[in-house]
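Chemist: A structural model of the following input is requested.
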Amino acid sequence: PTVYQSGDYKYILLADGTAQIIDYSGSAAELTVPDVLDGYSVSSIGDSAFYSCKSLATITLSDSVTEMGINPFAYCEQLTNIQVSPDHPVFATIDGVLFNKTEKKLVCYPYGFTATEYQVPKGIRSIGDAAFFECRSLTAITLPEGITSIGDFAFYGCDSLAGITMPEGITSIGDAAFAGCDSLTGIMLPEGLTSIGDFAFIGCSSLTAITLPEGLTSIGDEAFAGCNSLTAITLPDSITEMGINPFAYCEQLTNIQVSPNPPVFATIEGVLFNKTEKKLVCYPGGFTATEYQVPKGIRSIGDYAFYTCMSLTAITLPEGVTNIGDEAFYYCKSLTAITLPESMESIGTDAFADCPKNMQFTVVRDSYAAKWCKENGLNYTYPDALDWLND
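Modeler: Below is the predicted model:
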């Protein structure tokens, strides 16, 4: 759509002929969102429209604004006062926090608040996307009974948050919902939770314990990646979907547990596999072994499967493995030897990026792996390279 400029505002026209504010470039400390721009009624504020407006301390919404995208006021570091009319048809504030009345959703907890604790009011059903984005003063949050979902980036960067109380009934935790909450030490996820989004707890470096409830069916890409204090995790049988290595670069992780016979996932000597896909999903980053032989019968190495596994010096992939995923062995800084089978058909992007330059591949003559090594200028040899000595 065409972007129009009116003073400090950029806006677009919606299908109904009303305006949506998409950006504000002014420096006001107190601001009333206009109800009309260039003769068009302002009905909507777009995603992050006032993001990082450093001077903004007070903002008042006109009654004409009935739609709002992802927290338009995220990272407004001086913002302590959001005002709406008590007769507003859609929005309301409670103690300065902005809510959508019709959706029972918390939209924005102002970044400028300095309180250390917050209790979400009873009756609220969801935490909106980026609602508490980088609210760094908060150390504890209580969610009431009735909450069913936590949005994408909801508590992103809340780096003082050490504890959060979650009631039963929450069914989903969004993408990057707690990313970078590096003071969070432990969390018990509630019964009823079915999905954890991509990067949901990435970088929660103080997280030592987390309980995954039975009934959880999916864990997204790198959901717990970089949780460097996490030493063990138990997966419930109900999990049937898992994205790119949820436990990548968890440098203390040495124990992934599953029951003896879950439908999809299994562990062999602590390494996590997808049984139905015959795929190696995660080699725990806390393992200190120097050598590893992938079990026979495995067909693929998943994306990020060995990401930053620092101790490994040698790995053997068995005949039958056909592909290696993206960044599968990224930054395995001690890895100097790997054997690739003749069955190999594809090797992903940056599969061996930032591995030692003297790393040597053992490959079968005229195989895909041999051609790949030649094309990429890598050191390689053949299993029978020294057979001439026995002639």
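Chemist: For Phe91, which non-adjacent residue is spatially closest?
Modeler: Leaving out its chain neighbours, the residue that sits closest to Phe91 by Cβ to Cβ, 6 or more residues apart in numbering is Val84, at 4.9 Å. C-beta coordinates here come from the backbone N, C-alpha and C atoms, glycine included.
Chemist: Give me the neighbour count for that neighbour.
Modeler: 20 (other Cβ atoms under 10 Å).
Chemist: how many other residues sit next to the residue nearest to Pro110 when sequence neighbours are not counted?
Modeler: Distance criterion Cβ to Cβ, 6+ apart; nearest residue to Pro110, sequence neighbours excluded, is Leu79 at 4.5 Å. By the other Cβ under 10 Å criterion, the neighbourhood of Leu79 contains 25 residues.
Chemist: residue contacts, Leu79?
Modeler: Neighbour list for Leu79: 53, 56-59, 73, 110-112 [criterion: Cβ atoms under 8 Å, 6 or more residues apart in numbering].
Chemist: Spell out for me which residue occupies the centre of this structure.
Modeler: Phe199 (1.1 Å; Cα atoms, centre = their mean).
Chemist: what helix or strand is it on?
Modeler: Assigned by DSSP states H and E, Phe199 belongs to no helix or strand.
Chemist: Could you report the separation of the nearest residue to it once chain neighbours are set aside from Ala225?
Modeler: What sits nearest to Phe199 in space, not counting adjacent residues and going by Cβ to Cβ, 6+ apart, is Ala176, at 4.4 Å. Distance of Ala176 to Ala225, computed by Cβ to Cβ, to the nearest Å: 11 Å.
Chemist: Common neighbours of these two, please.
Modeler: If you check Ala176 and Ala225 against Cβ under 8 Å, 6+ apart, the residues they both contact are 199, 202.
Chemist: rewinding a little: so the residue nearest to Pro110 sits in a strand?
Modeler: No - Leu79 is assigned coil when assessed by DSSP: H, G, I helix; E, B strand; the rest coil, not a strand.
Chemist: how close does it get to Tyr111?
Modeler: For Leu79 relative to Tyr111 (Cβ to Cβ), the value is 6 Å.
Chemist: Quickly list what's touching both of the two.
Modeler: Phe73.
Chemist: and Ile12, how many neighbours does it have?
Modeler: By other Cβ under 10 Å, neighbour count at Ile12 equals 14.
Chemist: partners of it in the sheet?
Modeler: Applying DSSP bridges to Ile12 yields these beta-bridge partners: Gln20.
Chemist: So which residues of the protein form helices?
Modeler: 368-375 (DSSP state H).
Chemist: how about low-confidence regions in the chain?
Modeler: Along the chain, the model assigns pLDDT under 70 to no residue.
Chemist: My guess is Phe178 contacts Phe201. True?
Modeler: Yes - between Phe178 and Phe201 there is a contact under Cβ atoms under 8 Å: 5.0 Å.
Chemist: so who does Met270 touch?
Modeler: No, residue 270 isn't Met; it's Gly. Gly270 makes contact with 254-256, 284, 287, according to Cβ under 8 Å, 6+ apart.
Chemist: could I get these as JSON lines with neighbour count?
Modeler: Output for these, formatted as JSON lines (neighbours: other Cβ atoms under 10 Å):
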{"residue": "Thr254", "neighbour count": "14"}
{"residue": "Asn255", "neighbour count": "14"}
{"residue": "Ile256", "neighbour count": "21"}
{"residue": "Pro284", "neighbour count": "23"}
{"residue": "Phe287", "neighbour count": "18"}
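Chemist: Cool, thanks, talk later.
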